[in-house]
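A.B. asks: no sequence on this one, just coordinates:
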Ligand SMILES: Nc1ncnc2c1ncn2[C@@H]1O[C@H](COP(=O)(O)OP(=O)(O)OP(=O)(O)O)[C@@H](O)[C@H]1O
Ligand SMILES: [Mg+2]
């Protein structure tokens, strides 16, 4: 009993300790951003590996999710004779929730894990130490460009996911199930609001998710125990923690934006 | 650039040591890696730090480079106490010294050429043509001009070490710290490296610190040797003096004798006792 | 340098795709025109009951969207709901005796204002008002009426939304 409590106390302390270190890390990261203005090339390179290389999985997933929404929405709405609202259902679910959330989860699995592994490996092979000995700050040269590129890439990926998802829903609804194309779009347009749904949903949510997903990924790499086992653990932690934090934040943001 | 003589006339030679450690103590957890160590590294010379594996040689280099903080005592480089400097000043100091890491530590996402060009591109605003000339010059010096387009993963261990050496001399530093420059090199390369370190040191007016357990090679180029073991400096002096040392430990280390006061084992229980313990545990 | 060019191109395409996606979300999925300044002319319509009508709901005529609801208020004297409609300027020939009803799209859809053209030669202008209105169908009232009618043996009113 006492032992269990002590263990609980210890892991709580350790958890707060990590949170503190992660916060300090983020502050140093933000402090290094200024130096980045002179080196846009560094960000472009990371935009390629974090953004461009994530495109295929984001596009494919978006398409399938949109098509499933089309099918399910149709199956449910057809009983009420309300299939003309299918566009609204597909667009609202994607714009408000599924677009930003699924894009962030996929990003964590595809790009976040790679980010952690890469930085952890740089640490294990003394590349970061070598950089410091060359008087080059890894925060400015390695961490900040990756973080910034990831923060830029996330909303773009979420936007692409959502747009392709809606097209997927359109394909199923209009081409396959015979919903009227005009009704699909006009009902959607009448119901989806630019600021309340698109900006608050896709843009704000994915921007927030981009921050935490990349913060976690870069920090876990930096904090990894520099062995192959340590790096594999850190990579797993990136994916798991990002998923949990994104879902929890999504709940809070939904309550703020769309709650009553 | 590497052929120019030091700009400062050597008239009043600066005889103060470039690196000094006073009362240096460093702990990893409860274990003391160093205890009250004093040493001086002379300007312009090649100083070797030798000792068995795990003695703390790499740790010493990191203390000098300011990557680790001593538990007690001071480390001074060129008159500045390394661990009391702010980050900016420390980085300013580090631009003037470079370290060759035991593993090479090449940037795996950059080609050999870009690795050598890295410090130049980070710290200078030289035009790309001049950078190319400088990089090829450094690569020529280590015999890797032909390998400039290879990625680090395509290099052998020895080639990686030489590429890292080319990178270490890219900025013409005042001091180079070599961590195990010879291990993993074939005899010919080893000879080339020894000559290279000596030539670089003398031509550029560098100060070199070599950490190694390759006794013969290191002794052949070092001007001064520190022997460390168990957190203490066991002996120091020019190679010839150590050669005739009366210490049994020095005798054993320098002549690579299997028997002597130095143990090859990490501190442990007596072997027989350990085996018995294992037996008790498995219940046989 | 060739690979660098290719990389920059790929990143450029990626960013362009992302912006195109947001463009589509703004123009085709939602209605960016909603955000712009309201250029329509305003007319009012008084209803006994607006039901679940909301601001921004569409105003249609013949199934075509011609404007939207920009305000809903209660007249404190007559206890009538005053709905302000903004009609796009190009639909400037709405007869003054047109009628407005609050309709529901589908059984569970959103409510909107449907206009039926009248026959007069005079047209509504900014500030004008619709005289003929039909209130929203409130489901509870409808059911209640059906029940009382059924009890008194009458037929329920044959009205459809
Ligand atoms: N990160 C660390 N955490 C804890 N202990 C460490 C760490 N790094 C090194 N040590 C310990 O410090 C001691 C000195 O290590 P160091 O790497 O300096 O040895 P070395 O003399 O360079 O050995 P080698 O010749 O094998 O490279 C070792 O016994 C090691 O166990
Ligand atoms: Mg070592």
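C.D. replies: Now that the structure is in, tell me what you want to look at. Keep in mind that what you see is a predicted model, and the values were worked out from it rather than measured. Numbers count the residues shown, from 1 in each chain, chains lettered A, B, ... in the order given. Ligands and ions are numbered 1, 2, ... in the order given.
A.B. asks: and the helix of greatest length in chain C with chain B, contact?
C.D. replies: Criterion DSSP state H: the longest helix present in chain C is helix C:2-24. No - using Cβ under 8 Å from any Cβ of the partner chain, helix C:2-24 stays clear of chain B, coming no nearer than 10.8 Å. (Glycine included, C-beta is placed from N, CA and C.)
A.B. asks: so after that helix, what's the next helix or strand?
C.D. replies: strand C:41-47 (DSSP states H and E).
A.B. asks: how far does that following strand sit from its chain's centre?
C.D. replies: 12 Å (Cα atoms, centre = their mean, to the nearest Å).
A.B. asks: contacts for the next helix or strand after it?
C.D. replies: Counting by DSSP H and E, the next helix or strand C-terminal to strand C:41-47 is strand C:58-61. Residues from elsewhere that reach strand C:58-61 (Cβ atoms under 8 Å, 6 or more residues apart in numbering or on different chains): A:190, C:65-69, C:85-87, C:91, C:94, C:98, C:112-117.
A.B. asks: what's the answer for stretch A:41-49, then?
C.D. replies: The contact list for stretch A:41-49 (Cβ under 8 Å, 6+ apart) reads A:36, A:111, A:114, A:141, A:145-146, A:148-150, A:152-153, C:7-8, C:10-11, C:14-15.
A.B. asks: if we can go back for a sec, among the contacts of strand C:58-61, which lie within strands?
C.D. replies: Of these, the ones assigned to strands by DSSP state E are C:65-69, C:85-87, C:112-116.
A.B. asks: could you list the low-confidence segments of the chain?
C.D. replies: Since no chain was named, I'll use chain A. Residues of chain A meeting the criterion pLDDT under 70: A:260.
A.B. asks: that answer is for a different chain, and I need it for chain C
C.D. replies: Along chain C, segments meeting pLDDT under 70 span C:1, C:32-38, C:106-109, C:153-161.
A.B. asks: which residues of it lie near chain B?
C.D. replies: Close to chain B, as judged by Cβ under 8 Å from any Cβ, chain C has no residues.
A.B. asks: tell me where the stretch 101-250 of chain B has helices.
C.D. replies: Ranges of helices in the stretch 101-250 of chain B, per DSSP state H, counting those that start in this stretch, are B:112-123, B:128-141, B:157-168, B:187-204, B:215-221, B:239-243, B:248-254.
A.B. asks: off-centre distance for the third one?
C.D. replies: Think helix B:157-168. For helix B:157-168, the distance to the chain centre is 13 Å (Cα atoms, centre = their mean).
A.B. asks: could you check how far residue A:175 is from residue A:59?
C.D. replies: 19 Å (Cβ to Cβ, to the nearest Å).
A.B. asks: neighbour count for these two, which is higher?
C.D. replies: Shown here are residue A:175 and residue A:59; by other Cβ atoms under 10 Å in any protein chain shown, residue A:59 has more neighbours (18 against 11).
A.B. asks: and the helix or strand where the more buried one lies, is it in reach of chain C?
C.D. replies: Using DSSP H and E, residue A:59 maps to helix A:55-77. Yes - using Cβ under 8 Å from any Cβ, helix A:55-77 reaches chain C at residue A:55.
A.B. asks: quick one: contacts of stretch C:44-55?
C.D. replies: C:69-72, C:75, C:78, C:80-85, C:100, C:102, C:110-113, C:128-130, C:133-138.
A.B. asks: brain fart, stretch A:61-75
C.D. replies: A:83, A:86, A:89-90, A:93-94, A:98-99, A:102-103, A:106, A:160-173, A:176-177, A:179.
A.B. asks: near chain C, which of these show up?
C.D. replies: Within the contacts of stretch A:61-75, those near chain C by Cβ under 8 Å from any Cβ are A:160, A:162, A:163, A:164, A:166.
A.B. asks: could I get the residues you listed as JSON lines with secondary structure, distance to chain B and neighbour count?
C.D. replies: Conversion of these to JSON lines gives the following (DSSP: H, G, I helix; E, B strand; the rest coil; distance: Cβ to the nearest Cβ, whole Å; neighbours: other Cβ atoms under 10 Å in any protein chain shown):
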{"residue": "A:160", "secondary structure": "helix", "distance to chain B": "26", "neighbour count": "26"}
{"residue": "A:162", "secondary structure": "helix", "distance to chain B": "32", "neighbour count": "32"}
{"residue": "A:163", "secondary structure": "helix", "distance to chain B": "32", "neighbour count": "27"}
{"residue": "A:164", "secondary structure": "helix", "distance to chain B": "31", "neighbour count": "24"}
{"residue": "A:166", "secondary structure": "helix", "distance to chain B": "37", "neighbour count": "29"}
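A.B. asks: and residue A:67, how far is that from residue A:173?
C.D. replies: In terms of Cβ to Cβ, residue A:67 sits 9 Å off from residue A:173.
A.B. asks: settle it for me: which of those two has more neighbours?
C.D. replies: Taking neighbours as other Cβ under 10 Å, residue A:67 and residue A:173 compare with residue A:173 leading, 29 against 20.
A.B. asks: can you tell me the SS state at the nearest residue to the more buried one once chain neighbours are set aside?
C.D. replies: Distances taken as Cβ to Cβ, 6 or more residues apart in numbering or on different chains put residue A:179 closest to residue A:173, at 4.2 Å, once the chain neighbours are dropped. Three-state call for residue A:179 (DSSP: H, G, I helix; E, B strand; the rest coil): coil.
A.B. asks: secondary structure element holding residue B:277?
C.D. replies: helix B:271-282.
A.B. asks: with residue A:232 instead?
C.D. replies: Going by DSSP H and E, residue A:232 is part of helix A:228-257.
A.B. asks: same list (the ones in strands among the contacts of strand C:58-61) but as TSV, adding distance to residue C:22 and neighbour count.
C.D. replies: Shown next, in TSV, are these (distance: Cβ to Cβ, whole Å; neighbours: other Cβ atoms under 10 Å in any protein chain shown):
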residue	distance to residue C:22	neighbour count
C:65	24	15
C:66	28	19
C:67	27	23
C:68	23	23
C:69	27	22
C:85	31	24
C:86	27	19
C:87	30	21
C:112	28	20
C:113	31	26
C:114	33	20
C:115	34	24
C:116	39	14
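A.B. asks: adding distance to ligand 1, write those residues out as a markdown table.
C.D. replies: Supplementary listing: these in a markdown table, determined by distance: Cβ to the nearest ligand atom, whole Å:
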| residue | distance to ligand 1 |
| --- | --- |
| C:65 | 69 |
| C:66 | 74 |
| C:67 | 71 |
| C:68 | 67 |
| C:69 | 68 |
| C:85 | 73 |
| C:86 | 70 |
| C:87 | 75 |
| C:112 | 69 |
| C:113 | 73 |
| C:114 | 76 |
| C:115 | 78 |
| C:116 | 82 |
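A.B. asks: show me the two of the residues you listed that sit farthest apart.
C.D. replies: C:86 and C:116 (18.6 Å; Cβ to Cβ).
A.B. asks: tell me how far the closest residue to residue B:166 other than its chain neighbours lies from residue A:144.
C.D. replies: Sequence neighbours aside, residue B:138 is the residue nearest to residue B:166 in space, at 4.2 Å (criterion: Cβ to Cβ, 6+ apart). Using Cβ to Cβ, residue B:138 is found at 28 Å from residue A:144.
A.B. asks: the closest residue to residue C:114 other than its chain neighbours sits in which helix or strand?
C.D. replies: In space, and not counting its chain neighbours, residue C:114 is closest to residue C:103: 4.5 Å by Cβ to Cβ, 6+ apart. Residue C:103 belongs to strand C:99-104 when assigned by DSSP H and E.
A.B. asks: report the angle between that strand and strand C:111-116.
C.D. replies: Here strand C:99-104 runs at an angle of 150 degrees relative to strand C:111-116 (axes from the mean of the first three to the mean of the last three Cα atoms, to 10 degrees).
A.B. asks: pairing partners for strand C:99-104, with directions?
C.D. replies: strand C:111-116 (antiparallel), strand C:132-134 (parallel) (DSSP bridges).
A.B. asks: closest to residue B:16 out of the ones you listed?
C.D. replies: strand C:111-116 (89.2 Å).
A.B. asks: from residue A:62, how far out is the closest residue to chain A within chain C?
C.D. replies: Per Cβ to the nearest Cβ, residue C:18 is where chain C lies closest to chain A, at 2.8 Å. Applying Cβ to Cβ, the value for residue C:18 to residue A:62 is 12 Å.
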